[in-house]
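Enquirer: Quick one: sequence plus predicted model below, questions after.
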Amino acid sequence: MAIVKMSKFHLFILSKDNNELLKALQRQNLVNFNDLEIKEEDQDFLKKVPIPQELVGLDETITNSKWAIDLLEKYEVKPSMMESLKEGQKTYTVSELKEEAREFPFREKFSELKALDDRKNKVLQEIENMKTRVNELSPWSDVELRIDELKKFKDVKIIPGNIPEKFLEDFRKDISEIEFADLKVYDLKDKMAYGIVIYYNEDKTEEEVTELIRLHAFSQTDIKTKGNVRDEISKLKEEIKVKEDELNEVENGVKAFAKDLEGFRVLHDYLRQKRIRLIAENNFVSTEKVNIIEGYVPTESISELEELLKNVTNGDYYWTYEEASVEDKNVPIKLKNNKVVQNFEMMTEMYSMPQYGEIDPTPLFAPFYFIFSGIMIGDAGYGLLVFIMTRLALKFLKLNEATKRMVSFISYISVSTMIWGLIFGSFFGDAVKLPALINPSEDYYLMIGMSLLLGGIHLFFALGIKAYMNIRDKKFLDAIYDVGFWYMAVIGAIVFIIAMALKLSPTVTNIGKWSLILGLIGIVLTGGRTEDSVGAKLGWGLYSAYGITSYIGDFVSYLRLMALALAGAFIAIAVNMIVRMLFSGGIIGIIAGIIIFVIFQLFNAFLSYLSAYVHTARLTYVEMFNKFYEGGGRPFKEMIAKSEYFNIREE
């Protein structure tokens with residue numbers, strides 16, 4: 001139960017074997033390559049293996065296949081959620097993807113689909129243009145003549161246009177005061193008035209009308225039609241209908257390609273796997289005929305890798321390997337734990353992978369996560385319900401790997417929830433009366449004490465891990481300075497406070513007091529030991545000692561165990577009280593009560609699990625990891641790309 005041991009290897013192979021080697025390595029998913037840099041003195045005879053030119057065309061095909069997938073997914077007949085979960089995603093190896101992709105006529109299918117989509121976009125644009133034209137003409141539909149011909153009269157001038165509705169009345173009033181001028185409004189639309197200004201064509205009148213048009217923001221319209229406006233609109237609407245029929249025909253043509261969606265997906269995913277191989281070559285350096293490769297392989301897989309090299313190269317290779325150094329920051333990290341602890345690995349991955357010189361924190365925090373989350377939810381009914389649902393899902397549904405891990409994780413949390421629910425005597429609140437060892441709603445002080453005790457164990461265990469790591473690395477004094485003195489100070493402070501509060505014997509009080517004092521003195525004297533000057537050493541030592549105040553906040557954080565247990569219990573009890581009142585109201589009350597019970601108990605269960613997930617993660621990351629865990633490790637980079645369409649497995 002630890003970080004997988006890695007070995008660093010240097011491999012020399014003939015350049016001609018490069019492609020087959022990468023294919024074999026991808027199928028087995030064995031190694032993590034290093035990006036080799038060429039030293040200046042080696043540049044005369046070594047060169048970086050370039051990324052193949054093939055990658056440009058490959059990227060274009062990946063982009064085009066993804067475009068086709070996104071387009072056709074709109075027309076995919078999708079199964080129901082339950083059918084989808086039951087059937088799950090198909091599983092392929094890289095070799096199987098390759099065979100399927102070879103049989104798919106991508107260029108032909110893509111060309112036809114692209115032509116249809118281009119035609120569809122063209123028709124859509126034509127329809128949009130015609131609809132815009134109809135909207136433009138509709139305010140003038142009552143004008144009997146062509147609008148552009150209204151401007152051709154000799155003695156009378158007619159100006160079509162529009163004006164904001166809020167200015168209309170003032171404009172109408174001012175126009176009416178001009179002799180031989182008038183305004184006719186045809187339509188009011190979108191807070192605009194559409195109409196024509198008519199006036200006698202002589203200089204004085206034109207000047208007055210022109211000034212009013214400027215003052216009232218009347219915008220002149222220049223609309224040309226082949227006939228009168230109403231006929232033009234009718235003609236446009238007929239053309240729109242024809243184009244919409246054409247659009248439906250094109251849509252049906254595109255929809256017919258939905259049967260090829262699987263082919264596009266297979267090709268897309270295979271090319272992504274191929275892309276990983278091509279890019280991997282850029283990590284290598286080469287001479288004229290030999291490629292030089294550096295990377296890491298799990299130590300337990302060395303014999304498997306050696307067998308693979310023999311088969312691919314017919315023995316024409318040379319390699320060396322050695323156990324990776326704990327000081328090497330480039331060592332990729334793989335975790336290996338038993339079946340139970342594996343469910344908690346995602347919490348480590350979410351925070352940060354350990355460095356190679358650290359220890360895997362997963363098996364260390366998993367028991368605490370199990371206990372804390374169970375306390376926070378603390379209801380046997382919720383635990384039993386979720387346990388049954390998750391086990392059924394794992395047994396009968398084909399879930400992808402990530403979903404399976406999450407469901408399994410929740411299933412284990414449900415076991416703890418049932419245990420603590422029985423301890424608290426809670427089954428959907430007080431829906432079923434159970435004997436309680438601890439009643440959270442009454443035993444407040446016991447809950448507070450239990451929360452603080454568990455918090456203390458959690459914190460001291462984390463410090464103990466730090467001491468173990470120092471001792472493992474033969475840093476014995478660091479274990480005393482960074483952990484031993486803190487144990488003395490914190491435990492001394494706890495004993496001193498309890499002894500004073502409970503008025504215990506002076507001996508106990510003095511033991512706590514002197515343990516605290518000696519621990520703080522040790523922290524002050526050693527907290528800045530890495531500094532150069534005496535002043536800096538003392539300053540950092542005092543600053544380190546001040547950190548004892550943070551332990552108050554750390555301990556208080558664990559009161560959330562009690563708080564969340566109480567919150568969930570009180571909500572469940574409140575729901576049950578409402579349901580009991582409704583049950584006394586006849587058949588309608590019983591039906592309403594059942595509905596309320598199911599909905600609100602499920603909602604409370606969801607909130608309880610969500611809160612437990614978040615707050616237990618916080619206790620793990622902030623309180624526990626802060627004491628010993630640095631993280632920042634580099635995850636093992638697999639040669640198989642994750643897929644959103646299929647499960648892709650090693651061969």
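Expert: Happy to help now that I have it.
Enquirer: tell me the SS of Met353?
Expert: Three-state call for Met353 (DSSP: H, G, I helix; E, B strand; the rest coil): coil.
Enquirer: so how far is Val614 from it?
Expert: 21 Å (Cβ to Cβ, to the nearest Å). C-betas here are computed from N, CA, C, even on glycine.
Enquirer: With neighbour numbers in mind, choose between the two.
Expert: Between Met353 and Val614, counted using other Cβ atoms under 10 Å, the more crowded position is Met353 (21 against 11).
Enquirer: residue contacts, that one?
Expert: Met353 makes contact with 333, 335, 631-635 under the criterion Cβ atoms under 8 Å, 6 or more residues apart in numbering.
Enquirer: Tell me how the protein divides into domains.
Expert: For the chain, the TED database gives the domain ranges 6-104+259-331, 145-227, 341-635.
Enquirer: need the strands for the stretch 51-200 of the chain, in chain order.
Expert: Along the stretch 51-200 of the chain, counting by DSSP state E, counting those that start in this stretch, strands occupy 91-93, 156-164, 181-189, 192-200.
Enquirer: Any figure for the gap between His458 and Trp319?
Expert: 46 Å.
Enquirer: Which of the two has more residues huddled nearby?
Expert: Neighbour count, other Cβ under 10 Å: between His458 and Trp319, His458 has more, with 22 against 14.
Enquirer: chain center to whichever strand or helix holds that one, what's the gap?
Expert: Using DSSP states H and E, His458 falls within helix 444-472. With Cα atoms, centre = their mean, to the nearest Å as the basis, helix 444-472 stands 32 Å off its chain's centre.
Enquirer: elements contacting it?
Expert: helix 362-377, helix 476-479, helix 485-502, helix 550-557, helix 560-583, helix 625-628 (3 or more Cβ pairs under 8 Å, 6 or more residues apart in numbering; DSSP states H and E).
Enquirer: Tell me which of those helices lies nearest to Asp245.
Expert: Nearest of these to Asp245, taken as Cβ to Cβ: helix 560-583 at 56.7 Å.
Enquirer: how far off helix 362-377 does that closest one point, in degrees?
Expert: Inter-element angle recorded for helix 560-583 and helix 362-377: 40 degrees (by axes from the mean of the first three to the mean of the last three Cα atoms, to 10 degrees).
Enquirer: counting contacts, what elements does helix 560-583 pack onto?
Expert: Counting contacts by 3+ Cβ pairs under 8 Å, 6+ apart, helix 560-583 packs against helix 362-377, helix 401-424, helix 444-472, helix 586-618.
Enquirer: ok, and what's touching that helix?
Expert: 372, 375-379, 382, 420, 424, 426, 428-431, 440-441, 444, 447-448, 450-451, 454-455, 589-590, 592-594, 596-597, 600-601, 604, 607-608, 611-612, 615, 619.
Enquirer: State the distance from Val341 to Ala2.
Expert: From Val341 over to Ala2 (counting by Cβ to Cβ), the distance is 11 Å.
Enquirer: for Gly519, same thing?
Expert: Going from Gly519 to Ala2 by Cβ to Cβ gives 32 Å.
Enquirer: of the two, who's got more company?
Expert: Using other Cβ under 10 Å, the more surrounded residue of Gly519 and Ala2 is Gly519, with 22 against 12.
Enquirer: which residues touch that one?
Expert: Contacts for Gly519 (Cβ under 8 Å, 6+ apart) come out as 485-490, 492.
Enquirer: Mind doing that once more with 10 Å?
Expert: Counting by Cβ atoms under 10 Å, 6 or more residues apart in numbering, Gly519 touches 484-493, 545, 548.
Enquirer: could I get those residues as TSV with pLDDT?
Expert: Output for these, formatted as TSV (pLDDT from 0 to 100):
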residue	pLDDT
Gly484	87
Phe485	88
Trp486	87
Tyr487	88
Met488	90
Ala489	87
Val490	87
Ile491	88
Gly492	88
Ala493	86
Ala545	76
Ile548	79
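Enquirer: Switch those residues over to TSV; also include distance to Lys513 and neighbour count.
Expert: Output for the contacts of Gly519, formatted as TSV (distance: Cβ to Cβ, whole Å; neighbours: other Cβ atoms under 10 Å):
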residue	distance to Lys513	neighbour count
Gly484	18	18
Phe485	16	22
Trp486	17	25
Tyr487	16	16
Met488	12	21
Ala489	11	23
Val490	14	21
Ile491	12	17
Gly492	7	21
Ala493	9	19
Ala545	16	20
Ile548	14	17
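Enquirer: could these be laid out in a markdown table, adding distance to Ile178?
Expert: Shown next, in a markdown table, are the contacts of Gly519 (distance: Cβ to Cβ, whole Å):
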| residue | distance to Ile178 |
| --- | --- |
| Gly484 | 102 |
| Phe485 | 99 |
| Trp486 | 95 |
| Tyr487 | 99 |
| Met488 | 101 |
| Ala489 | 96 |
| Val490 | 95 |
| Ile491 | 100 |
| Gly492 | 100 |
| Ala493 | 95 |
| Ala545 | 93 |
| Ile548 | 91 |
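Enquirer: ok, of those residues, which one's closest to Asn647?
Expert: If you rank these by distance to Asn647 using Cβ to Cβ, Trp486 comes first, at 47.2 Å.
Enquirer: how close does the closest residue to that closest one other than its chain neighbours sit to Leu25?
Expert: Nearest residue to Trp486, sequence neighbours excluded (Cβ to Cβ, 6 or more residues apart in numbering): Leu463, at 6.1 Å. As judged by Cβ to Cβ, Leu463 and Leu25 stand 43 Å apart.
Enquirer: Give me the more crowded residue out of the two.
Expert: The neighbour comparison of Leu463 against Leu25 (other Cβ under 10 Å) goes to Leu25, with 22 against 18.
Enquirer: So for the helix or strand encompassing that one, mean pLDDT?
Expert: Element membership for Leu25, per DSSP H and E: helix 18-28. In this model, helix 18-28 carries a mean pLDDT of 88.
Enquirer: now swap in stretch 594-611 and tell me
Expert: For stretch 594-611, mean pLDDT rounds to 94.
Enquirer: Contacts for it, please.
Expert: Residues from elsewhere that reach stretch 594-611 (Cβ under 10 Å, 6+ apart): 373, 376-379, 381-383, 385-386, 410, 413-414, 417, 428-429, 431, 560, 563-565, 567-572, 574-576, 578-580, 582-583.
Enquirer: Can I get the buried part of the residues you listed as one ChimeraX selection?
Expert: Buried residues within these, by 16 or more other Cβ atoms under 10 Å, are selected in ChimeraX with:
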select :373,376,377,378,379,381,382,383,385,386,410,413,414,417,428,429,431,560,563,564,565,567,568,569,571,572,575,576,579,582
